[in-house]
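Engineer: predicted model and sequence follow; I will ask about them next.
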Amino acid sequence: MDDQAVSKEFIKSLPKAELHLHLEGTLESELKLKLAQKNKVSIGQNTIEEVKESYQFDSLPSFLAIYYPAMNVLQEEEDFYLLAWSYLQKVKEQNVVYAELFFDPQAHTTRGVSFETVINGYYRAIAESEKLGIKSALIMCFLRDLSAESAMETYEEALNYQDKILGIGLDSDEKGNPPEKFAAVFARAQADGFHTTMHCDIDQEDSIAHIRTALLEIGVERLDHGTNIVEDPALVEYVKQKGIGLTCCPVSNGFVVADMKGKEIKQLLHEGVKVTVNSDDPAYFQSYVADDLFSLAAAYDLTKAEVIQLVKNAFSIAWIPEAEKIKYHEQVEKAAHLQ
Ligand code: ADE
Ligand code: ZN
């Protein structure tokens, strides 16, 4: 394996998995304006330039303050379908072949859009994604700044659509909203056979305590972000031994904490932890998964071998049967001319 600089073309040529993607974070300005007009929703901006100018954020709360109000443009089942379908079409061009996609039902049900409307729209796109050569699935996230009771009510509603949901996650503002707040609903989801993951966002007040609880008490299968784990070598060893993966989002990190956390990602990669690179909210950070991989590779001088390992890790920690992981790994090696 040569050590020459990794090109965008090389990254695009590799079949890729996306494991940390918020469907609501794929709402591009064009679609936002189109849906605002169709649904007669005022968003305060009238042009793409105005929408983009409004994207002023430098922390997770300041990002979320722009992110949630924009969701008002999503009203009908067709809107949710179109959002997910537009995303899938876009990443087909980047050679994404597998995607596990987060959605936030409470961000919609709390403003009067039914759970049924949301999931039926999203799921129709998921079911059709194979037409694009992409296998995809949904992960339902609870908003951690809402109550545990609200999460439990949402979970009970989701049980009516159990066959449409692969896993359960936790997102939104972490400050003061630790994993243990949701222990009961996660225990129930695990007992019911759902996969589980959780955001442990970057540089939070209690990052290490949250990571420890998520891993040792809740027993999640993956961590979303989670790179603060480097501060505790025993926890690094734990995830390494258990094969627990971290879904990192370097460009998103660059926006919300002004640091891609590339040093940490590289360190974890070299320690044999299953770290992966993902895009989080690509419409807001203007970076889809191949762009994230390229930005990280360019900023941290990654070799082709390192990029290939990051890409293979995503298939290793995907919630798919072992035989499919092997098949995808072979496809990556073939594309990289290793076979
Ligand atoms: N919702 C969308 N993006 C998020 C992030 N990076 N962290 C927490 N919640 C989110
Ligand atoms: Zn996220």
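Structural biologist: Noted; the coordinates are in hand. Being a predicted model, the structure only gives us computed values, none of them experimental. Ligands and ions are numbered 1, 2, ... in the order given.
Engineer: give me the pLDDT for Met1.
Structural biologist: Note on Met1: pLDDT of 57.
Engineer: smallest gap between this structure and ligand 1, at which residue?
Structural biologist: Using CB to the nearest ligand atom, the closest approach of the chain to ligand 1 is made by Asp171 at 3.5 Å. C-beta here means a position set from N, CA and C on the backbone, and glycine is covered the same way.
Engineer: buried residues, the lengthiest helix in the chain. List them.
Structural biologist: Longest helix of the chain, by residue count under DSSP state H: helix 77-92. Buried positions in helix 77-92, judged by neighbour count with 16 or more other CB atoms under 10 Å: 77-88, 91.
Engineer: isn't the residue of the chain closest to ligand 1 right next to Arg144, touching?
Structural biologist: Yes - at 6.8 Å, Asp171 and Arg144 qualify as touching, with contact defined as CB atoms under 8 Å.
Engineer: would you mind measuring from the residue nearest to Ala84 when sequence neighbours are not counted to Glu76?
Structural biologist: Nearest non-adjacent residue to Ala84, counting by CB to CB, 6 or more residues apart in numbering: Ala125, 3.5 Å away. The gap separating Ala125 from Glu76 is 14 Å, by CB to CB, to the nearest Å.
Engineer: got it, and Ile126?
Structural biologist: Where Glu76 is concerned, Ile126 sits at a distance of 17 Å (CB to CB).
Engineer: and the stretch 51-200 of the chain, which residues reach ligand 1?
Structural biologist: By CB under 6 Å from any ligand atom, the residues of the stretch 51-200 of the chain that approach ligand 1 are 60, 171-172, 199.
Engineer: please spell out the ChimeraX selection for the buried subset of those.
Structural biologist: Applying 16+ other CB under 10 Å to these, the buried members can be selected in ChimeraX as follows:
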select :60,171,172,199
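Engineer: so among the residues of the stretch 51-200 of the chain next to ligand 1, where is pLDDT lowest?
Structural biologist: For those, the pLDDT minimum is Leu60, 94.
Engineer: state the distance from the closest residue to that residue other than its chain neighbours to Leu268.
Structural biologist: Once flanking residues are discounted, Leu60 sits nearest to Val256: 5.0 Å by CB to CB, 6+ apart. Distance of Val256 to Leu268, given as CB to CB: 19 Å.
Engineer: could you do Lys40 as well?
Structural biologist: Lys40 is 47 Å from Leu268, by CB to CB.
Engineer: who has more neighbours, these two?
Structural biologist: Shown here are Lys40 and Leu268; by other CB atoms under 10 Å, Leu268 has more neighbours (23 against 7).
Engineer: for the residue of the chain closest to ligand 1, give me phi and psi.
Structural biologist: Dihedral pair for Asp171: phi -140, psi -160, per degrees, to the nearest 10.
Engineer: and it, bridged to which residues?
Structural biologist: Counting by DSSP bridges, Asp171 forms beta bridges with Leu143.
Engineer: for it, give me its contacts.
Structural biologist: Taking CB atoms under 8 Å, 6 or more residues apart in numbering, we find Asp171 in contact with 22, 102, 104, 141-144, 199, 224.
Engineer: redo that, cut-off 7 Å
Structural biologist: 102, 104, 141, 143-144, 199 (CB atoms under 7 Å, 6 or more residues apart in numbering).
Engineer: do the same with Tyr155
Structural biologist: 185, 188-189.
Engineer: just the ones of those residues in helices?
Structural biologist: Reading helices off the contacts of Tyr155 with DSSP H, I get 185, 188-189.
Engineer: a markdown table for those, including neighbour count and pLDDT?
Structural biologist: Below are the ones in helices among the contacts of Tyr155 laid out as a markdown table (neighbours: other CB atoms under 10 Å; pLDDT from 0 to 100):
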| residue | neighbour count | pLDDT |
| --- | --- | --- |
| Val185 | 22 | 99 |
| Arg188 | 15 | 98 |
| Ala189 | 23 | 98 |
